[in-house]
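In: Just the structure for this:
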Amino acid sequence: MRTSITTLQLSPHTAAQLVMAARQITADPYREGDVFAEQARTAAGLLDHGLASVLDRFANRQGASALLLTGLPMPSRLPRTPAAGFHRLPDPQPTGTEPVLAAVGARLGEIFAYREWDGAHLVQSRYPVASHHNVQTASGATDLVLHTEACFTAYPPDYLALLGLRPDPTGQARTLVADIPQALTLLTPTGRRTLREPLFVFPTDRGPHVHEGRHTTAPVAILHDGGRGPVLEYSTLLTAISADGASALAALEEALNRCAVSVTLNAGDLLLVDNRHAVHGRTAFRPAYDGADRWIQRVLMLRQLPAGGRVVPDTRLAHYPTDYLKALALPA
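Out: Predicted coordinates for the structure are as follows:
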């Protein structure tokens, strides 16, 4: 049976080699994105052979759908966890962790960003924001539901890399990962076929369709055939528009929860997620909003960039609920 997460503790030698490779990255990730990404690709080719082999096997789906690397080198000091919403973080300053994160991430694919989010920066931060405390988002403190990243957009990432800069002081915040192929084996053939039918929507006041008197996004299938096996686009927030769809969706949620494993991301822990074959989420926690809260950095990767480059549009934005956009202070 496939496992959701494989763990690898970096040896001191491998960690030192990673630092050496990351020194090739001198560009500012927030102001020189294209140069930063090009340097990251060069650095990825200089990784220790053992680490490079592990990453290559992961990229080729040989093993678990998530890989946890521990013992990554970290700066001796970090700034306080930011307080401003990270989608509009003013003038972010490098922490010194970005080159190590990018060197590993670039081994899996091309680093990219969404134009509408995080200032279109290639390295993004995730931490709790006080005004988002009860919002279902990465900056909230409630349960972050299981989902595939940027599902139903034109360019969902193939991989994401989450680097722990500062752990949750309370120990409550745990990252969840569930292996999609494993969960699908727990469903009936009829259930899997139903997931391939256009029966699933997100309720939203900005949606183009109406179901039972409520506006929704257009109905879509959530299970597809990919070049490397079945691909699921999923969020626990999905709704079905038929009884069969509702039954299949409930069975899928139960299967994913059964397969989910949790991990605490401590400083120097890097979680790599195969976004086409795993869902992820986070448990609820109680931030203090005092500069010492949990802080994660991430990069997103595509196996191949689209023709438009490494900053791509989030095509879902037109259908996000108005209340959600207002809560995040984004234009509705």
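In: Low-confidence stretches in the stretch 101-250 of the chain?
Out: Within the stretch 101-250 of the chain, no stretch has pLDDT under 70.
In: As a check, name the ranges of all helices in it.
Out: Applying DSSP state H, counting those that start in this stretch to the stretch 101-250 of the chain gives helices spanning 180-184, 189-195, 243-259.
In: list the buried ones in the longest one?
Out: In this case it means helix 243-259. Neighbour counts over helix 243-259 (16 or more other CB atoms under 10 Å) mark 245, 248, 249, 251, 252, 253, 255, 256, 259 as buried. No exception for glycine: its C-beta is placed from N, CA and C like everyone else's.
In: try stretch 230-241
Out: 230, 231, 232, 233, 234, 235, 236, 238, 239, 240, 241.
In: Return the closest of these with respect to residue 54.
Out: Set against residue 54, the nearest of the buried residues of stretch 230-241 by CB to CB is residue 231 (23.4 Å).
In: And that closest one, how far from residue 47?
Out: 28 Å (CB to CB, to the nearest Å).
In: returning to what we had before: in TSV, list the helices of the stretch 101-250 of the chain along with distance to residue 143.
Out: Formatted as TSV, the helices of the stretch 101-250 of the chain follow (distance: least, CB to CB, whole Å):
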stretch	distance to residue 143
helix 180-184	18
helix 189-195	23
helix 243-259	12
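In: Compare these and give me the one nearest residue 321.
Out: helix 243-259 (19.5 Å).
In: Can I get the closest one in PDB, CA atoms only?
Out: What follows is helix 243-259, C-alpha atoms only, in PDB (Å, rounded to 0.1, in the frame of the first residue of the first chain):
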ATOM      1  CA  ALA A 243     -27.900  12.400  -5.300                       C
ATOM      2  CA  ASP A 244     -25.300  10.100  -7.000                       C
ATOM      3  CA  GLY A 245     -22.800  12.900  -7.000                       C
ATOM      4  CA  ALA A 246     -23.400  13.600  -3.300                       C
ATOM      5  CA  SER A 247     -23.000   9.900  -2.400                       C
ATOM      6  CA  ALA A 248     -19.700   9.700  -4.300                       C
ATOM      7  CA  LEU A 249     -18.400  12.900  -2.900                       C
ATOM      8  CA  ALA A 250     -19.200  11.800   0.700                       C
ATOM      9  CA  ALA A 251     -17.400   8.500   0.100                       C
ATOM     10  CA  LEU A 252     -14.400  10.300  -1.300                       C
ATOM     11  CA  GLU A 253     -14.200  12.600   1.700                       C
ATOM     12  CA  GLU A 254     -14.400   9.700   4.000                       C
ATOM     13  CA  ALA A 255     -11.700   7.800   2.100                       C
ATOM     14  CA  LEU A 256      -9.300  10.800   2.000                       C
ATOM     15  CA  ASN A 257      -9.800  11.300   5.800                       C
ATOM     16  CA  ARG A 258      -9.000   7.600   6.300                       C
ATOM     17  CA  CYS A 259      -5.800   8.000   4.300                       C
END
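In: State the next helix or strand along the chain beyond that helix.
Out: strand 261-263 (DSSP states H and E).
In: For that following strand, name the packing helices and strands.
Out: Counting contacts by 3 or more CB pairs under 8 Å, 6 or more residues apart in numbering; DSSP states H and E, strand 261-263 is packed against strand 175-179.
In: tally of neighbours for residue 217?
Out: Neighbour count of residue 217, defined by other CB atoms under 10 Å: 22.
In: show me the residues around it that make contact.
Out: With contact taken as CB atoms under 8 Å, 6 or more residues apart in numbering, residue 217 is in contact with 152, 201, 202, 204, 207, 208, 209, 319.
In: pretty sure the third one contacts residue 240?
Out: Spelled out, it's residue 202. No - using CB atoms under 8 Å, residue 202 is not in contact with residue 240, being 11.3 Å away.
In: Tell me the buried residues within the contacts of residue 217.
Out: Using 16+ other CB under 10 Å, the buried ones in those are 152, 201, 202, 204, 207, 319.
In: out of the residues you listed, who's nearest residue 110?
Out: Closest to residue 110, out of all of the buried ones among the contacts of residue 217 and judged by CB to CB, is residue 152, at 21.0 Å.
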